[in-house]
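Trainee: Fold the following for me, if possible:
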Amino acid sequence: MELQQQFGTKLSFVLRHYPVDTAQPYAEMAAATSEFAAARGIFWQMQDLLYQSQERNGTPAFQELAEALGFDGVSLLRDLELQTFKRRVLVDLHGGSRSGVTSAPAFYINNQRYERPIEFKDMSAAIRSAITSNI
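Mentor: The predicted model follows:
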């Protein structure tokens, strides 16, 4: 968020799903839940809630989050059962694997893997450098 405030329209932040179920058993379901929210125009709000409530996972928890954002939890359950967003999530997962991602989070700046500390000042400097080198 601070980086977005600092760089404004010069920074585009893209989230791609990389659900590794061996590390997080509900990762794919959480990703599908965020795509459910995206289809309703509230992707980032759901992402924030999922991040804030990482200790609570599973169908009932995700249903509560959907309802907290004003959506019918039953619709979410239906979409999860039908795997409505599975293909979308798997496209991101496979794309990440092809790009060399092995764990999350992984960051890229101008298609280059960012492997320095995930600290504001370090990322800010790397983004500033990328912006000035593209001018």
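Trainee: The chain: strands as residue ranges?
Mentor: In the chain, the strands defined using DSSP state E lie at 107-109, 112-114.
Trainee: Need the winner for burial among the ones you listed.
Mentor: The highest mean neighbour count among the strands of the chain, using mean count of other C-beta atoms under 10 Å, belongs to strand 107-109: a mean of 15. Quick note: C-beta positions are derived from backbone N, CA and C, even for glycine.
Trainee: could you dump the strands of the chain to CSV with distance to G8?
Mentor: Converted to CSV, these look like this (distance: least, C-beta to C-beta, whole Å):
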stretch, distance to G8
strand 107-109, 16
strand 112-114, 20
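Trainee: could you dump those strands to a markdown table with distance to L90 and mean pLDDT?
Mentor: Shown next, in a markdown table, are these (distance: least, C-beta to C-beta, whole Å; pLDDT from 0 to 100):
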| stretch | distance to L90 | mean pLDDT |
| --- | --- | --- |
| strand 107-109 | 19 | 89 |
| strand 112-114 | 21 | 88 |
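Trainee: right, and those strands - which one's nearest M1?
Mentor: strand 107-109 (14.6 Å; C-beta to C-beta).
Trainee: Can you list the strands that that closest one pairs with?
Mentor: Looking at strand 107-109 with DSSP bridges, its partner strands are strand 112-114 (antiparallel).
Trainee: Listing request: residues of the chain with sub-threshold pLDDT.
Mentor: 135 (pLDDT under 70).
Trainee: In it, which residue is most central in space?
Mentor: Nearest to the mean C-alpha position of the chain, counting by C-alpha atoms, centre = their mean, stands L15 at 4.3 Å.
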